[in-house]
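Visitor: sharing a model prediction with you, sequence too.
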Amino acid sequence: MKLVDAHQHYWMLKRGDYAWLTPREGSLFRDFEPRDLLPALTDCGVIATVLVQAAATEAETRFLIDLARAHTSIAGIVGWVDFESPDVDRRIRRLIAEGGGKLKGFRPMIQDIRDTAWLDKTTLDSAFDAIVECDLTFDALVNLSHLEALARRLRKHPRLRAVLDHGGKPDIAHDGLGSWAGQLTRLAGVGSLHCKLSGLLTQARSGAAAADLDDYVAHIFTCFGPERVMWGSDWPVITLSTTYQSWLTMALALVKRHAPGHLQAVFADNARRFYGLNYKGE
């Protein structure tokens, strides 16, 4: 089986626009480039990835576009644009033109915005309208405090192709299943929202194993079904907890348990369909 990684990052510190990336992030505070990930992609049989923004600037989106031009493993990009800019429609269309077909969607860094009701702001309407009109996608980088506002935004734009990053970031380390599960059930019923099976291990305690994630993964599949879940590595953030290969092995075991017979969908086809990816190597 040839795999698609629906969520990974690259960054170069000298670019200087990663507001969250400071020495306090430990081993993440260094450059992570395509040459660093290539051995793991090759070893794991991953033939395509979706490269997701890590800085809240359009300059970084253009940096990702340049990387995609140079590296065929990058099948799609999820960039950043100022959702509140009065000319956001023009900005989006300009980035699409520059992206050469690789720009697939946008992701505001909502988890870092203090206003947990930010998604309710009417000043965002034009951005979401443009995303729908341009047939792009929306990655929702949120935590539990944003899920209700996210549901309201999805109802406002029923044709929006949206995906919940990292399962909505449940607090696995502190047994946060109950507070997260009910909200996820309600959210999954809004539109055709997808969900990424990514980022869960870094929400768990140090040294966590598949058993620690089991109830959370089971609930994700109960809510979204195997046709709306896609696997992502969240590399290099995953390296805080384990290796790329080990997370893939763990995820494969969890999906075999909770969505038997649907490995091809979760580990390749759903991401390809959702993002509209084109890649070689199958």
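Guide: Good, I have the coordinates.
Visitor: distance of the residue of the chain most remote from its centre relative to residue 180?
Guide: Farthest-out residue of the chain from its mean C-alpha position, per CA atoms, centre = their mean: residue 86, at 26.0 Å. From residue 86 across to residue 180, the span is 36 Å (CB to CB, to the nearest Å). Placement of C-beta: from N, CA and C, glycine included.
Visitor: what does residue 139 give?
Guide: 19 Å.
Visitor: the two: which is more packed in?
Guide: Ranked by neighbour count (other CB atoms under 10 Å), residue 139 and residue 180 place residue 139 first, with 26 against 21.
Visitor: wait, a strand at that one?
Guide: Yes: under DSSP: H, G, I helix; E, B strand; the rest coil, residue 139 falls within a strand.
Visitor: surely it and residue 79 touch.
Guide: No: taking contacts as CB atoms under 8 Å, residue 139 lies outside contact range of residue 79: 9.8 Å.
Visitor: need the residues touching each of those two.
Guide: Listed as contacting both residue 139 and residue 79 by CB atoms under 8 Å, 6 or more residues apart in numbering are 105, 106, 107.
Visitor: would JSON lines of these with distance to residue 59 and neighbour count be doable?
Guide: Output for the shared contacts of residue 139 and residue 79, formatted as JSON lines (distance: CB to CB, whole Å; neighbours: other CB atoms under 10 Å):
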{"residue": "105", "distance to residue 59": "18", "neighbour count": "24"}
{"residue": "106", "distance to residue 59": "14", "neighbour count": "26"}
{"residue": "107", "distance to residue 59": "15", "neighbour count": "21"}
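Visitor: can you tell me which of the residues you listed are in helices?
Guide: Assigned to helices by DSSP state H, none of those qualify.
Visitor: want to try TSV for those residues, with distance to residue 98 and pLDDT as columns?
Guide: Formatted as TSV, those follow (distance: CB to CB, whole Å; pLDDT from 0 to 100):
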residue	distance to residue 98	pLDDT
105	15	98
106	14	99
107	17	98
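Visitor: please dump the residues you listed into a markdown table; it should also carry distance to residue 273 for every row.
Guide: As requested, these are exported to a markdown table (distance: CB to CB, whole Å):
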| residue | distance to residue 273 |
| --- | --- |
| 105 | 14 |
| 106 | 19 |
| 107 | 19 |
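Visitor: can you tell me which of the residues you listed are in strands?
Guide: Applying DSSP state E to the shared contacts of residue 139 and residue 79, the entries found in strands are 105, 106.
Visitor: list the helices and strands the one helix or strand residue 132 maps to packs on?
Guide: Taking DSSP states H and E as the definition, one finds residue 132 inside helix 125-133. The contact analysis (3 or more CB pairs under 8 Å, 6 or more residues apart in numbering; DSSP states H and E) places helix 125-133 against helix 88-99, strand 103-106, strand 137-140, helix 147-156.
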